[in-house]
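**Student:** Next one to model:
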Amino acid sequence: MIELHYGPGACSFVPHAGLEVVKAATGQEFVAHAVKLHKGEQRTPEYLALNPNGQVPTLVVDGKPLTQIVAICDWLDRRFPQAALLPADTWARAQAMSRFAWMNNTVHPTFTHVFMPERFTDDASAQAAIKASAIAQYRGYLGRIEQWAIEAGEGFLLGDRLSFLDIYALTLLRWGGFAGIDPESLPRLWAHVQRVAQVPPVAAAIERERLKLNVYRRD
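**Tutor:** Numbers count the residues shown, from 1 in each chain. Just a heads-up that it's a prediction; the model follows:
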């Protein structure tokens, strides 16, 4: 039995959509459990027993929990290679994992500085400075991902098959709207993300999480 504990709109969307791709490719069912982060459900004793980090996602396979997005997606790809969510060739897979890790360990934490600057200082003016700096960095990182989309043309980031990188790109660009970054200011990435969102398994995860793709607000 496979279960996924996810936070709607969080990075857990990547394995969530990945599980929908696996389901479409293999028929493997899974149970999705929403963790309401804004209500602190990730800090309940029951959830901390599964994931002591108090984070999403948590994958539970036959009662055994696995945490961290890169580890979860690596397991999904190795367990269900039919879904082809990462390349089969060892060098191409390593290159894909390099990009995936960068998205997770550099782009993602930069957004944390935008969304939760209070984690890093109690000083309000310093929080504002941290947020402003992080937004500029985040915009630059999205520009780098847009270059990947330009290089991909009308395909996906790793060729003709949807991958975890495409799903993560969707998540990161969507978050940009919360940082005041208009997705339309990154037109090739925005077009790519809209195409990814229309892939039926990705659309199923979007519907379950009730996500709006463009959250940018013009003042």
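
**Student:** Give me the residues contacting the helix or strand Val196 falls within.
**Tutor:** Assigned by DSSP states H and E, Val196 belongs to helix 187-197. The contact list for helix 187-197 (C-beta atoms under 8 Å, 6 or more residues apart in numbering) reads 142, 145-146, 149-150, 152, 156-157, 162, 166-167, 169-170, 173-174, 183-184, 202-203, 206, 213. (Glycine included, C-beta is placed from N, CA and C.)

**Student:** quick one, domains of this structure?
**Tutor:** Following automatic domain parsing, one gets these domains for the chain: 2-83, 90-199.

**Student:** out of the ones you listed, nearest to Arg218?
**Tutor:** domain 90-199 (7.6 Å; C-beta to C-beta).

**Student:** tell me how far the closest one is from the chain's mean position?
**Tutor:** Between the centre of domain 90-199 and the centre of its chain there are 9 Å (C-alpha atoms, centre = their mean, to the nearest Å).

**Student:** now do the same end-to-end measure for that domain.
**Tutor:** With C-alpha to C-alpha, to the nearest Å as the measure, domain 90-199 spans 26 Å from end to end.

**Student:** could you measure Trp175 against Pro81, distance?
**Tutor:** 30 Å (C-beta to C-beta, to the nearest Å).

**Student:** And for Gly143?
**Tutor:** 33 Å.

**Student:** longest helix of this protein?
**Tutor:** helix 124-152 (DSSP state H).

**Student:** quick check: angle from the helix or strand of the chain with the lowest mean pLDDT to helix 124-152?
**Tutor:** In the chain, no helix or strand scores lower on mean pLDDT, DSSP states H and E than helix 108-115, which sits at a mean of 93. Computed with axes from the mean of the first three to the mean of the last three C-alpha atoms, to 10 degrees, the direction of helix 108-115 lies at 140 degrees from that of helix 124-152.

**Student:** Return the list of helices and strands in contact with helix 108-115.
**Tutor:** Identification of packing neighbours for helix 108-115 by 3 or more C-beta pairs under 8 Å, 6 or more residues apart in numbering; DSSP states H and E yields helix 124-152, helix 164-178.

**Student:** Which positions in the longest one come out as buried?
**Tutor:** The neighbour-count criterion (16 or more other C-beta atoms under 10 Å) identifies 127, 130-131, 134-135, 137-139, 141-142, 145-146, 148-149, 152 as the buried residues of helix 124-152.

**Student:** Nearest to Ala32 among the residues you listed?
**Tutor:** Minimum distance to Ala32 across the buried residues of helix 124-152 is 26.4 Å, recorded for Ile145 (C-beta to C-beta).

**Student:** The closest one reaches Leu172, doesn't it?
**Tutor:** Yes - counting by C-beta atoms under 8 Å, Ile145 touches Leu172, with 6.7 Å between them.

**Student:** Overlap in contacts, those two.
**Tutor:** The contact sets of Ile145 and Leu172 overlap at Met103, Val107 (C-beta under 8 Å, 6+ apart).

**Student:** With distance to Arg217 as extra columns, can I get the domains of the chain in TSV?
**Tutor:** Converted to TSV, the domains of the chain look like this (distance: least, C-beta to C-beta, whole Å):
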stretch	distance to Arg217
domain 2-83	16
domain 90-199	8
